[in-house]
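S.K.: sharing a model prediction with you, sequence too.
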Amino acid sequence: MKVEGGVALVTGANRGIGRGFVEALLARGIARVYATARRLDSLDAVVALDRVRVSPVGLDVTDARRLRQVASEYGDVSLLINNAGMTAYGRLIGAPSLDGARQEMETNFWGPLQLCRAFAPVLAANGGGAIINVLSIGAMACFPQVGSYCASKFAAAAMTQGVRLELHGQGTRVLGVYPGAVESDMSAATPGPKITALEHGHACLVALERGEDNLYPDFSAQAKHEDWLRDPAAFERNLLSRL
Ligand SMILES: NC(=O)c1ccc[n+]([C@@H]2O[C@H](COP(=O)([O-])OP(=O)(O)OC[C@H]3O[C@@H](n4cnc5c(N)ncnc54)[C@H](OP(=O)(O)O)[C@@H]3O)[C@@H](O)[C@H]2O)c1
């Protein structure tokens, strides 16, 4: 999979990690980026990065009808980046209701799955192409203070693995990314050190071009992943201290 000369669609491209993807794609010679966001006017600064190669597209990933429409309109996409996500910062038992958990599943699981389904034939028609699903280190272990967010990311990680297997035959590469601490609004309260969203974007595109299946892109994610590999049970016991 080569980024240079390709056509990418990035969800949640107006800020944070999504904007970092757009910047990294441009730096690596992408021919066109469809930068999508819920509100078109929130994309002005991203479009200003390169008015020729960046096209703004309105897309709420929880709107199934709209995402099918987008897949039928942008038939030249060779790289789908499922980045948009949200957290309600809620516990599984302690949250006052399931509203936040349901919204997390809609945004972090159902939206990306529906986009994979809608774009699978598009990617096949364009030679196979690739998908990057932005998951979380919370898809490796359930951090209890954001338990419902982690559940949605675990589901998205299983989906990523299944989609990789199902699309193998059509030559579509699927990269699962497990960030831990990347500079953005969502991670404002996460302790550092953090990498920038641009560094994150470059790391993902390098991993994609190397043909990797999974990426732990930053210091925090790598350290947690190593701890977890060493002793998953001890890792889980340590999570008790977070409550
Ligand atoms: N930053 C980290 O350290 C970190 C760690 C682990 C995982 N992640 C994951 O990385 C991804 C990007 O997060 P971020 O850190 O860049 O957070 P962020 O700064 O809060 O940005 C979230 C992005 O998702 C968009 N979004 C939310 N709900 C949406 C919906 N229904 N439809 C379309 N767009 C929607 C937001 O759009 P609006 O501007 O319209 O709200 C925004 O562009 C997420 O999947 C997140 O779970 C981040």
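M.R.: It's in.

S.K.: any idea how far the residue nearest to the spatial centre of the chain is from W110?
M.R.: In the chain, the C-alpha closest to the average C-alpha coordinate belongs to V134, at a distance of 2.2 Å (Cα atoms, centre = their mean). Computed with Cβ to Cβ, to the nearest Å, the distance linking V134 and W110 is 15 Å. C-beta here means a position set from N, CA and C on the backbone, and glycine is covered the same way.

S.K.: what does V163 give?
M.R.: When Cβ to Cβ is applied, the distance between V163 and W110 equals 13 Å.

S.K.: and if you look at A223?
M.R.: Plainly put, A223 is 31 Å away from W110 if you go by Cβ to Cβ.

S.K.: around the ligand, which positions in the chain sit nearby?
M.R.: Remark: the part of the chain in contact with the ligand comprises 11-12, 14-18, 37-39, 42, 60-62, 83-86, 107, 134, 136, 179, 181-182, 184-187, 190, using Cβ under 6 Å from any ligand atom.

S.K.: any chance of a PyMOL selection covering the buried ones in those residues?
M.R.: With 16 or more other Cβ atoms under 10 Å as the criterion, this PyMOL line picks the buried residues out of those:
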select buried, resi 11+12+14+15+16+17+18+37+38+60+61+62+83+84+85+86+107+134+136+179+181+182+184+186+187
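
S.K.: what about the residues of the chain next to the ligand, which are in strands?
M.R.: The subset of the residues of the chain next to the ligand located in strands under the criterion DSSP state E comprises 37, 134.

S.K.: name the residues that touch the helix or strand V206 falls within?
M.R.: Secondary-structure assignment from DSSP states H and E places V206 in helix 197-210. Taking contacts as Cβ atoms under 8 Å, 6 or more residues apart in numbering, the residues outside helix 197-210 that touch it are 1-3, 16-25, 27-28, 79, 130, 132, 173, 175, 177, 179, 182-184, 195, 215, 217-218.

S.K.: what's the offset of whichever helix or strand comes after that helix from the middle of its chain?
M.R.: The helix or strand immediately downstream of helix 197-210 is strand 214-215, counting by DSSP H and E. Here the centre of strand 214-215 is set off from its chain's centre by 12 Å, with Cα atoms, centre = their mean, to the nearest Å.

S.K.: before we move on, the earlier item: compare A223 and W110 (neighbour count), which wins?
M.R.: For A223 versus W110, neighbours defined as other Cβ atoms under 10 Å are more numerous around W110 (18 against 14).

S.K.: so who does that one touch?
M.R.: With contacts defined as Cβ under 8 Å, 6+ apart, the neighbours of W110 are T62.

S.K.: circling back: what is the residue nearest to the centre of the chain paired to in the beta sheet?
M.R.: When bridges are taken as DSSP bridges, the partners of V134 come out as V177.

S.K.: that one touches I17, doesn't it?
M.R.: Yes - distance between V134 and I17: 6.4 Å, which falls inside the contact criterion (Cβ atoms under 8 Å).

S.K.: so in this protein, which helix runs the longest?
M.R.: Ranked by residue count, the top helix of the chain under DSSP state H comes out as helix 147-167.
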